[in-house]
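# quick one, structure for this:
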Amino acid sequence: LRHLCWYKPFTEPWRRQCLIGLRIAARGMLFFLGFQWIHFKGELSTPDEAPVLICNHVSFVDAFGMIYMALPAPIAAYEHLKIPLLGKVVKAIQCVTVDRRSAVSRQQVKAALKLRTAPGSGWPHILIYPEATCTNGQAIITFKLGAFTPGRNVQMCHIKYGGRINPCWVSAGPSVGHMVFRLLAEPHNSLSLDFGPIYEPNTEESKDPVLFSRRIRDQMSKWFDLKLTSHSYDDVRLMTKAQELHCPIPSASIEATAIKKHFQMDFKEIQEYYDVFEKMDRNKDGKLDKKEFLQGLKVDKNKEWWGRTFDLLDDDGDAPTLSILSVSI
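Numbering: from 1, shown residues only. Okay, here's the model as predicted:
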């Protein structure tokens, strides 16, 4: 069974029928969490029409809605395999698992995507959250390129939560247990799932995943009336690092994509500047005052223009952005 789950599609109808129990269980879980009614818009494509479904990622609740409606094979973090019961479900629906921190794992996933999205492959839809992290659903952050590497048709989807509770699962937000409690405490919660149009890439887009992803972002922004932002999954990793340095949450987001572009830096170099910031922050309060700034850069504190540089970059001296920008300059 393990071999079949990972390397061979369920071509026999009875095998796919066995998964109906998962759809029923997913709907039951949604009902249990207060989602008595789910609003659907649009029409789900067939795997031959659009083998890839891309969707925004807001919460752990998203998976129940997508399993109930489409029963796709998502791209999932490999850590899910270690979770009791959930790991069995991941295998049963033939997920492709990835270690987002491993370049080798990402290359293996790209190979699996090309195999599964080939015409007539027999695989179910591949569900990909191209943002690679959870957001509050009000904007679209930068996409990872994996979903667009095969150059195949893509159907755009969007999940939206209404009512008083938004179960968005973000680093600065409440824990999963807290969100489950809040959802259970509400008599009714609102969930809508919008299946947008199918996007068929042209020849240029099918050969250029970067171009393909940018145009899909633009289309999703217009179709679902969402804002675009240059934040990315790298910002989540950097924010986690910033929290370890006791930096205030509002100042922990730096838009890593913009830093990479304007200063010609890669992610590893940005992380190194966080280490520089840690050394400059002598009292370990997650902030840099002017004295720490000047001592960290080893410049003459009597040089008036360095003090002005500090004031220009950050008037309250409370962000790792200050360290990155100042050292770069």
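# so residue 170, which of the three states?
Using DSSP: H, G, I helix; E, B strand; the rest coil, the structure places residue 170 in coil.
# quick one, what contacts it?
Applying Cβ atoms under 8 Å, 6 or more residues apart in numbering to residue 170 gives the contacts 134, 135, 136. C-beta coordinates here come from the backbone N, C-alpha and C atoms, glycine included.
# residue 140 too?
Applying Cβ under 8 Å, 6+ apart, the residues contacting residue 140 are 56, 131, 217, 220, 221, 226, 227, 228, 229.
# in which helix or strand would I find the fifth one?
This means residue 221. Assigned by DSSP states H and E, residue 221 belongs to helix 209-223.
# ok, back up a step: of the contacts of residue 170, buried ones?
Neighbour counting with 16 or more other Cβ atoms under 10 Å marks 134, 135 as buried within the contacts of residue 170.
# report the buried residues of stretch 115-126.
In stretch 115-126, counting by 16+ other Cβ under 10 Å, buried: 116, 117, 123, 124, 125, 126.
# can I get the CA coordinates of the helix holding residue 221 in PDB?
What follows is helix 209-223, C-alpha atoms only, in PDB (Å, rounded to 0.1, in the frame of the first residue of the first chain):
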ATOM      1  CA  PRO A 209       8.100  29.900 -14.200                       C
ATOM      2  CA  VAL A 210       8.900  33.300 -12.900                       C
ATOM      3  CA  LEU A 211       6.800  35.000 -15.600                       C
ATOM      4  CA  PHE A 212       4.100  32.400 -15.200                       C
ATOM      5  CA  SER A 213       3.800  33.000 -11.400                       C
ATOM      6  CA  ARG A 214       3.800  36.800 -11.800                       C
ATOM      7  CA  ARG A 215       0.900  36.700 -14.200                       C
ATOM      8  CA  ILE A 216      -1.100  34.200 -12.100                       C
ATOM      9  CA  ARG A 217      -0.600  36.600  -9.100                       C
ATOM     10  CA  ASP A 218      -1.900  39.400 -11.100                       C
ATOM     11  CA  GLN A 219      -4.900  37.400 -12.300                       C
ATOM     12  CA  MET A 220      -5.700  36.200  -8.800                       C
ATOM     13  CA  SER A 221      -5.500  39.700  -7.500                       C
ATOM     14  CA  LYS A 222      -8.000  41.000 -10.100                       C
ATOM     15  CA  TRP A 223     -10.400  38.000 -10.000                       C
END
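# from residue 170, how far out is residue 227?
Using Cβ to Cβ, to the nearest Å, we find residue 227 at a distance of 16 Å from residue 170.
# meant to ask about residue 95
Per Cβ to Cβ, residue 95 is found 23 Å from residue 170.
# let me have the buried residues of stretch 115-126 in a markdown table, extended by secondary structure.
Converted to a markdown table, the buried residues of stretch 115-126 look like this (three-state DSSP):
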| residue | secondary structure |
| --- | --- |
| 116 | helix |
| 117 | coil |
| 123 | coil |
| 124 | coil |
| 125 | coil |
| 126 | strand |
